[in-house]
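[1] Please work out how this folds:
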Amino acid sequence: MKGMMILSVSQGRQRTATKSRVAGEQRWEEIVEAAAKIFSQKGYEATSLQDIANTVGILKGSMYYYFKNKEDLLFELVQRALDAHQPSLVEEPAVAEAAAPVRLRAFIRRWMALNRKQRLWRGVAESEFGRLRGKRLKEVIAERDKFSAFAKEIIEQGMRDGDFDSGIDPSVVTSTLFELMNTTQTWFKPSGRLSYAELADWYATFFIRGLGGSDEVVAKSSGETG
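    The predicted structure is shown next:
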C-alpha cells in the first residue's frame with residue numbers, strides 16, 4: 001500500500017510537470033506570435049516589451065522567464081522563417097536532372113508556396129534580420145546565402161547550357177529574384193486576379209523570358225513541373 005502511494009505521488013508530480021511544460025510552451029508560442037504581429041505592424045525598433053506583454057496579457061516581468069531581451073524574439077522569428085524555407089532546397093530527382101528553366105520554375109513555385117504559409121514570420125525576418133548583432137547576424141547571413149547559392153547555381157547552369165543569356169550577371173539576377181518574391185506579401189491581396197500559385201508561375205515565366213529563354217523554353221519549363 002505504501003509503495004502504491006509513493007507511485008501515485010510520483011505519477012502526480014510527473015503529470016503536474018508535464019502540464020507546466022505544456023503551459024510554458026503554449027505561452028512561449030503566444031509571445032512569439034505576438035512579437036511577430038507587432039514587429040510587422042510597428043517595426044522592431046518601435047516595439048517595446050510592454051507592447052508584447054499587453055498583447056499576450058501578462059506582466060512585462062513575466063516574459064523574462066522565456067527570453068532575455070527583445071533580440072531573442074527577433075532571432076527566434078528569423079530562425080523559424082529560415083527553417084520553414086529549407087524544403088525549397090530539396091528537388092525531386094527528375095527536376096534535379098532537368099534543364100535550368102525547369103529547375104528555376106520549380107524553385108520559384110516551392111519558395112512562393114512556403115512564403116504564403118509563413119507570411120508573417122517571413123515578412124519580419126526579411127525586413128528586420130539586419131537588426132541582429134554579432135554571431136547571430138553572421139549565422140543568419142550564412143543561412144540566407146545557402147538559398148542564394150542554390151538559385152544562383154541554377155541560373156549559371158542555364159547560362160552554360162545556352163538556355164539563358166550568357167552575358168547576364170547571375171548575382172544580380174539572384175538578388176532581384178529574391179527581392180521580387182519576398183516583397184510579394186507587402187502588396188498581395190487574396191481577392192486579386194491571380195492566386196499566389198498563379199503569381200509564382202507568372203514570376204517564373206517573367207524571369208525565364210527575361211534571362212533570354214525562348215517561348216519554347218518557357219513552355220517546356222511549365223509543362224515539366226507539376
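
[2] F178: how many residues sit nearby?
    15 (other C-beta atoms under 10 Å). C-beta coordinates here come from the backbone N, C-alpha and C atoms, glycine included.

[3] mind checking how far it is from I108?
    10 Å (C-beta to C-beta, to the nearest Å).

[4] V173 too?
    Distance from V173 to I108, counting by C-beta to C-beta: 12 Å.

[5] quick one: which of these two has more around it?
    Between V173 and I108, I108 has the larger neighbour count (other C-beta under 10 Å), namely 27 against 21.

[6] The more buried one: which element?
    helix 100-117 (DSSP states H and E).

[7] same question, L194
    Assigned by DSSP H and E, L194 belongs to no helix or strand.

[8] Excluding residues flanking it in the chain, which one is nearest it?
    Nearest residue to L194 in three dimensions, chain neighbours excluded: W202, at 6.4 Å (C-beta to C-beta, 6 or more residues apart in numbering).

[9] From start to finish, how long is stretch 58-65 in a straight line?
    Terminal residues of stretch 58-65 lie 12 Å apart, using C-alpha to C-alpha, to the nearest Å.

[10] Can you list the residue ranges for helices in the protein?
    Along the chain, counting by DSSP state H, helices occupy 2-42, 49-56, 70-84, 93-96, 100-117, 119-128, 134-161, 170-182, 196-210, 215-223.

[11] what's the closest of the ones you listed to Y64?
    Taking C-beta to C-beta, helix 49-56 is the member of the helices of the chain nearest to Y64, at 8.7 Å.

[12] report the angle between the axes of the closest one and helix 70-84?
    60 degrees (axes from the mean of the first three to the mean of the last three C-alpha atoms, to 10 degrees).

[13] Please tell me how far the residue nearest to N115 when sequence neighbours are not counted sits from T174.
    Leaving out its chain neighbours, the residue that sits closest to N115 by C-beta to C-beta, 6+ apart is R122, at 5.5 Å. When distance is defined by C-beta to C-beta, R122 is 18 Å away from T174.
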